[in-house]
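Novice: Please work out how this folds:
(one chain, ligands or ions: 1)
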Amino acid sequence: MNIKKVGVLGAGTMGSGIAQVCAEAGLEVILVEIQDSILQQALSKIGASWQKAVEKGKIDSTIKASREALLKSSQDLSSFKDCDLVIEAIIEEISVKKKVFKAMDEICPDYTILATNTSALSITEIAAATSRTDRVAGVHFFNPVSVMKLVEVIPGSDTSHSTIEAIVNLTKAIGKEPVVAKETPGFIVNRILNPLVNEAALAYQEGVASAEEIDKAMKLGAGLPMGPLALADMIGLDIVLHVTEYFFNEFGESKYRPALVLKQKVRAGHLGVKTGKGFYDYTK
Ligand code: CAA
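Specialist: Numbers count the residues shown, from 1 in each chain. A predicted model of the protein is given here:
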């Protein structure tokens, strides 16, 4: 199957990034978000990024205009009715995802592949809410989507070979590098990265060093592109906590127990870059 029209559900950090890279690759995109303020914010962020690319001389204004023409938006799920692929990037709540997949299954034609950008949840469980379990898969992008090359592609227990092939081909067509991973909590990257971030939070909590020093040590001593606490702030501490709690419950092993400091920051509403405060203060 040759994917030409992509639907993206959810215009948060990940959804808007996915919509952006798909339009940049010349695909027709429909970005659906229920909340108008989030949708408008996403569209202006994408527009600003393309404007910056024009100013830097990376693209000309004709390319910017053609990208803008490819990217449509809506607040209505029925806009997905002629998409070849829909990628869901909404809240990481299994009950909400199942409800949305059931609705999309009813709206979309038989040929549409329904994919989820979940970073940890079960693809099989999400697929079971639909009548097309062979055409549901995980397609997991990384933050920031426009920069990070990897996409994890995850089959559920019933996902067909042709569905995986279509998604792998799409990821290559948008300039990404796919890696197919087995359906297990966190797949590959989060399985390994999340415990590292949680361990950094534990070290911070124990007073081993300041956030700046922990991050400096991991950048200079372990060659990471950014420190784990700055990374946690970029991902969103709510998402880091959610994934860590999910691992703790799924694996049932104490090594995945979330650091208390993560819980405290989330309870205080300090979610990282998106709220202005996390391990660092972004308001100054
Ligand atoms: N959004 C969009 N573009 C960004 C960006 C952002 N948040 N941050 C940086 N960039 C772009 C810059 O505009 C710049 O582009 P140009 O070269 O076109 O000008 C380019 O990236 C390089 O930026 P910088 O030189 O300022 O910074 P850098 O070289 O330090 O790179 C980084 C920044 C890409 C974020 C890098 O620090 C990095 O790779 N960090 C690790 C990110 C990571 O681990 N992501 C995975 C998170 S886990 C996840 O996403 C999964 C999940 O489910 C939670």
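Novice: Just the pLDDT at residue 262, thanks.
Specialist: Note on residue 262: pLDDT of 98.
Novice: give me the number of residues near the closest residue to it other than its chain neighbours?
Specialist: Distances taken as Cβ to Cβ, 6 or more residues apart in numbering place residue 241 nearest to residue 262, at 4.7 Å, with adjacent residues excluded. From N, CA and C alone the C-beta is placed, and that goes for glycine too. For residue 241, the neighbour count with other Cβ atoms under 10 Å is 21.
Novice: I believe residue 241 is in a strand; please confirm or correct that.
Specialist: No - using DSSP: H, G, I helix; E, B strand; the rest coil, the assignment for residue 241 is helix, not a strand.
Novice: and it, what does it touch?
Specialist: The contact partners of residue 241, by Cβ atoms under 8 Å, 6 or more residues apart in numbering, come to 258, 262, 263, 266.
Novice: can we see that at 10 Å?
Specialist: By Cβ atoms under 10 Å, 6 or more residues apart in numbering, the contact set of residue 241 is 198, 201, 232, 258, 259, 262, 263, 265, 266, 267, 271.
Novice: so residue 246 sits right up against residue 194, yeah?
Specialist: Yes - the pair residue 246 / residue 194 is scored as a contact, 9.2 Å apart, by Cβ atoms under 10 Å.
Novice: So if I had to pick from the two, which one is more boxed in?
Specialist: Shown here are residue 246 and residue 194; by other Cβ under 10 Å, residue 194 has more neighbours (24 against 21).
Novice: next one: phi and psi at that one?
Specialist: The phi and psi torsions at residue 194 (degrees, to the nearest 10) take the values phi -60, psi -50.
Novice: What parts of the stretch 101-250 of the chain come near the ligand?
Specialist: Within the stretch 101-250 of the chain, the residues that sit near the ligand (Cβ under 6 Å from any ligand atom) are 119, 142-144, 146-148, 190, 193, 225-226, 231, 235, 239.
Novice: how about the strands in the stretch 51-200 of the chain?
Specialist: 71-74, 85-88, 113-116, 136-140, 150-155, 177-180 (DSSP state E, counting those that start in this stretch).
Novice: ok, back up a step: name only those of the residues of the stretch 101-250 of the chain next to the ligand that count as buried.
Specialist: Applying a neighbour-count criterion of 16 or more other Cβ atoms under 10 Å, the buried members of these are 119, 142, 143, 146, 190, 193, 231, 235, 239.
Novice: related to what we said a few turns ago, most neighbours, which of the contacts of residue 241?
Specialist: Busiest of the contacts of residue 241 [other Cβ under 10 Å] is residue 232, holding 31 neighbours.
Novice: Give the rounded mean pLDDT of the helix or strand hosting that residue.
Specialist: Applying DSSP states H and E as the criterion places residue 232 in helix 228-235. Mean pLDDT, computed over helix 228-235, is 97.
Novice: Could you list the buried residues of the top helix by length along the chain?
Specialist: In the chain, assigned by DSSP state H, the helix with the most residues is helix 36-55. Of all the residues in helix 36-55, those buried under the rule 16+ other Cβ under 10 Å are 39, 42, 43, 46, 50, 53.
Novice: can you pull the contacts of the fourth one?
Specialist: Right, the one you point to is residue 46. 11, 16-17, 19-21, 23-24, 29, 31, 67-68, 71, 73, 146.
Novice: among these, which ones are buried?
Specialist: 11, 16-17, 19-21, 23-24, 29, 31, 67, 71, 73, 146.
Novice: so what secondary structure elements neighbour the helix holding residue 232?
Specialist: helix 13-24, helix 189-205, helix 211-222, helix 237-251, helix 260-267 (3 or more Cβ pairs under 10 Å, 6 or more residues apart in numbering; DSSP states H and E).
Novice: Can you say which of those is nearest to residue 2?
Specialist: helix 13-24 (14.0 Å; Cβ to Cβ).
Novice: Starting from that closest one, tell me the next helix or strand along the chain.
Specialist: Defined by DSSP H and E, the subsequent element after helix 13-24 is strand 28-32.
Novice: who does that next one pair up with?
Specialist: Sheet pairing for strand 28-32, assigned by DSSP bridges, gives strand 5-9 (parallel), strand 71-74 (parallel).
Novice: Tell me what angle that strand forms with helix 36-55.
Specialist: 140 degrees (axes from the mean of the first three to the mean of the last three Cα atoms, to 10 degrees).
Novice: got a list of contacts for stretch 165-173?
Specialist: 1-4, 6, 21-22, 25-27, 84-85, 87, 113, 115, 135, 137-139, 141, 149-155, 159-160, 176-180.
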